[in-house]
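> Could you look at this predicted model? Sequence included:
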Amino acid sequence: MQTFNIHEAKTNLSRLVEEAAQGNAFIIAKAGKPMVKVLPLSAKDRNGDEKLGFMPGEISTPDDFDTLGSPEIMRLFEGKSA
């Protein structure tokens, strides 16, 4: 596995990301000390679709969500006390 210092990784980030996406993981080091390992995402992780709707029926938004507390908010903006 190849190791790149931070400066080299920043300079070649696009190429390194492409290589990592192809399965060539690499390490980024700072002052010669390994800091992070860059690995390709799995196909499942790349898709991202599974995050939508992950809590169906658990959360609901009230019909008047966009107007909740509007009288109080207007009063505060106008500087009026309760």
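That came through fine. The structure presented is a predicted model; accordingly, all values stated were derived computationally and were not measured.
> Just checking, which helix or strand of the chain averages the lowest pLDDT?
helix 43-47 (a mean of 72; mean pLDDT, DSSP states H and E).
> Mind jotting down where the strands sit in this protein?
Assigned by DSSP state E, the strands in the chain fall at 2-5, 26-30, 33-38.
> ok, which stretches of this protein are helices?
Under the criterion DSSP state H, helices of the chain are mapped to 6-11, 13-21, 43-47, 70-77.
> List the buried residues in the first one.
Just to be clear, that refers to helix 6-11. Under the neighbour-count criterion of 16 or more other Cβ atoms under 10 Å, helix 6-11 has residue 9 buried. Where you see a C-beta, it was placed from the backbone N, CA and C, and this is true even at glycine.
> Who are the packing partners of it?
strand 26-30 (3 or more Cβ pairs under 8 Å, 6 or more residues apart in numbering; DSSP states H and E).
> Please save the CA atoms from the strand it packs on in PDB.
As requested, the backbone C-alpha atoms of strand 26-30 are provided in PDB (Å, rounded to 0.1, in the frame of the first residue of the first chain):
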ATOM      1  CA  PHE A  26      -3.500   4.400   0.200                       C
ATOM      2  CA  ILE A  27      -2.200   6.000   3.300                       C
ATOM      3  CA  ILE A  28      -1.700   9.800   4.000                       C
ATOM      4  CA  ALA A  29       1.100  10.600   6.400                       C
ATOM      5  CA  LYS A  30       2.200  13.700   8.300                       C
END
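> Quick one: mean pLDDT over that strand.
In this model, strand 26-30 has a mean pLDDT of 96.
> Kindly report the same for stretch 65-82.
Mean predicted confidence for stretch 65-82 is 85.
> and for it, what are the contacting residues?
Residues outside stretch 65-82 that contact it (Cβ atoms under 8 Å, 6 or more residues apart in numbering) are residue 62.
> 6 Å - rerun?
Here stretch 65-82 makes contact (Cβ atoms under 6 Å, 6 or more residues apart in numbering) with no residue beyond itself.
> Over to stretch 34-46?
20-21, 23, 25-29.
> that older thread, right, so the strands of the chain: which one is the most enclosed?
strand 26-30 (a mean of 16; mean count of other Cβ atoms under 10 Å).
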